[in-house]
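>>> Got a predicted model here, sequence first, then my questions.
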Amino acid sequence: MATTKNWSPELEGLRGAASLWVFLGHIALLVNCKIPIIAVPKLGVDLFILLSGYLMTKNYIERQTKEPWGQWQTIKTFWLRRYFRIAPLYYVLLFVALLAGHYLGDMREIIAGAFPSTATETSRYSDISFFNVLAHLTFTFGDLPQYAYNTALPDWSIGLEMQYYVLFPFIMLLTLRLGFALAMVTLMIFVLAGRYLLPDLYTAFPMPSMILIKLHIFIAGMLVAEAVRQRRILFIALALLAPVVSAMMNIRMDSMQVFIEALMILGMTGVLWPWQQQNLMQRLFSVLRAVLCHRFFTWLGDVSYSVYLLHLLVVMPVIGLLLKYAHLATHGSGVRYLITIGLCFPVVYLFATVLHRVIEMRGIAFGKRVIQNGNKAEKALNLP
């Protein structure tokens with residue numbers, strides 16, 4: 001769910017909107033407030049995935065002359081950039097989540113007691129076994145059903161992102177061999193075929209943390225990047241195959257969610273499209289772009305990764321304490337929802353802003369130094 005700063009303000013705003021969607025959606029689920037669309041935070045994660053596919057492709061193509069895709073140095077540099085963007089903050093909040101696991105589990109049980117439909121297996125919050133911790137430190141947990149959803153963090157998507165980053169340089173090399181459109185369609189057919197050839201594998205995961213379940217959404221973002229770059233409608237049409245794949249996979253996706261996926265692809269394309277003529281569509285998307293470029297939304301984008309990782313560590317105790325001491329369950333669902341947002345929003349976003357500045361930005365800067373020093377060392381070793 002993390003990015004570099006090499007993107008336009010509207011992309012930053014979209015990322016902020018995605019993190020806010022997940023934040024508001026989890027609150028809606030936990031206080032049993034059934035708000036259509038908002039109460040489906042996994043769709044906010046899908047928006048993050050689309051943005052990730054878009055940005056990775058955009059940046060990789062823009063750097064191609066300086067960082068040729070076929071060179072091992074390029075692949076290694078890409079992996080190091082992504083690791084130091086994701087890992088520093090993740091490790092800090094993973095430590096907090098494991099340390100507070102028993103307490104968070106108790107709070108979660110209070111919530112489940114008040115709203116049984118929200119019940120989950122809370123023992124996973126306090127699993128500090130060697131293999132669970134090792135799987136999370138190495139980011140391999142997303143490939144292991146027993147560890148893929150085994151902390152208090154919503155980190156299943158972090159493992160998913162890391163799998164995508166491992167594959168991404170090779171996907172781009174495949175586009176050189178097959179052409180961009182054919183490579184993307186081939187990969188979507190591949191993951192869809194896997195759903196029917198290996199059905200038990202796809203359904204073994206409690207969350208869609210295994211890359212084959214969500215690779216088609218990343219690919220849709222990649223196709224949007226190429227559509228915008230080349231101004232070709234064909235790539236938009238191909239991107240819209242991704243919701244079709246979601247529907248055919250039929251893994252905890254209803255028809256409304258598939259429809260929202262398609263709308264997200266079209267909406268994201270419209271915001272990013274280089275409109276050249278004044279018409280109704282251009283005016284509508286220019287208004288949306290102006291909103292997303294507003295300072296508030298770009299700030300939401302700046303802190304979005306911190307918000308995503310942090311918010312449940314705040315939201316669950318707040319709701320649990322409100323249920324225990326303030327009789328939150330006696331209020332209507334809308335009142336419960338607004339009270340929880342009012343208490344959690346300032347706390348989550350204040351701490352997320354601090355984490356962004358103190359850990360995220362320093363982690364990125366440290367990663368740049370590691371890459372630069374590594375490049376210098378390799379050049380020195382290659383000297384005659």
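Here it is on my side, so go on.

>>> And stretch 168-185, what's buried?
Within stretch 168-185, the residues that qualify as buried by neighbour count (16 or more other Cβ atoms under 10 Å) are 168, 169, 171, 172, 174, 175, 180, 181, 183, 184, 185. In this view, the C-beta of every residue, glycine as well, is placed from N, C-alpha and C.

>>> what's the model's confidence in stretch 228-248, averaged?
Mean pLDDT, stretch 228-248: 96.

>>> what's the first-to-last distance across it?
One end of stretch 228-248 to the other measures 27 Å (Cα to Cα, to the nearest Å).

>>> sorry, back to before: now, the buried residues of stretch 168-185 that are in helices?
Judged by DSSP state H, the subset of the buried residues of stretch 168-185 located in helices is 168, 169, 171, 172, 174, 175, 180, 181, 183, 184, 185.

>>> Check which residues of stretch 345-361 are buried.
Neighbour counts over stretch 345-361 (16+ other Cβ under 10 Å) mark 345, 348, 349, 351, 352, 355, 356, 359, 360 as buried.

>>> in which helix or strand would I find the fifth one?
Meaning residue 352. Element membership for residue 352, per DSSP states H and E: helix 333-355.

>>> helix or strand right after that helix?
helix 361-381.

>>> Identify all contacting residues around that next one.
4, 73, 77, 80, 81, 83, 84, 85, 87, 88, 89 (Cβ atoms under 8 Å, 6 or more residues apart in numbering).

>>> in terms of contact count, name the helices or strands touching the helix holding residue 352.
helix 9-30, helix 72-99, helix 304-325 (3 or more Cβ pairs under 8 Å, 6 or more residues apart in numbering; DSSP states H and E).

>>> So what's the residue count around residue 38?
18 (other Cβ atoms under 10 Å).

>>> Report the contact partners of it.
Residue 38 neighbours (Cβ under 8 Å, 6+ apart): 21, 24, 25, 28.

>>> Buried ones only from those, please, as a PyMOL command.
Command for PyMOL that selects the buried part of those, burial taken from 16+ other Cβ under 10 Å:
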select buried, resi 21+24+25+28
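
>>> Let me have the contacts of residue 38 in CSV, adding distance to residue 271 as columns.
Formatted as CSV, the contacts of residue 38 follow (distance: Cβ to Cβ, whole Å):
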residue, distance to residue 271
21, 15
24, 20
25, 21
28, 25
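
>>> Mind putting the contacts of residue 38 into CSV with distance to residue 109 and pLDDT?
As requested, the contacts of residue 38 are exported to CSV (distance: Cβ to Cβ, whole Å; pLDDT from 0 to 100):
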residue, distance to residue 109, pLDDT
21, 26, 97
24, 23, 98
25, 21, 98
28, 20, 97
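
>>> Looking at the contacts of residue 38, which is nearest residue 134?
Nearest to residue 134 among these is residue 25, at 30.5 Å by Cβ to Cβ.

>>> so the closest one sits right up against residue 41, yeah?
Yes - in terms of Cβ atoms under 8 Å, residue 25 counts as a neighbour of residue 41; the distance is 3.0 Å.

>>> which residues are common contacts for the two?
In contact with both residue 25 and residue 41: no residue, using Cβ under 8 Å, 6+ apart.

>>> Do you know the pLDDT at the nearest residue to residue 150 once chain neighbours are set aside?
Using Cβ to Cβ, 6 or more residues apart in numbering and skipping the chain neighbours, the partner closest in space to residue 150 is residue 124 (4.5 Å). The model reports residue 124 with a pLDDT of 92.

>>> Now for residue 124, how many residues are close by?
18.

>>> any idea how far residue 141 is from it?
11 Å (Cβ to Cβ, to the nearest Å).

>>> Residue 51 now?
23 Å.

>>> Kindly calculate the angle that the host helix or strand of residue 160 makes with helix 9-30.
Here residue 160 sits within helix 156-178, counting by DSSP H and E. Going by axes from the mean of the first three to the mean of the last three Cα atoms, to 10 degrees, helix 156-178 is angled at 140 degrees with respect to helix 9-30.
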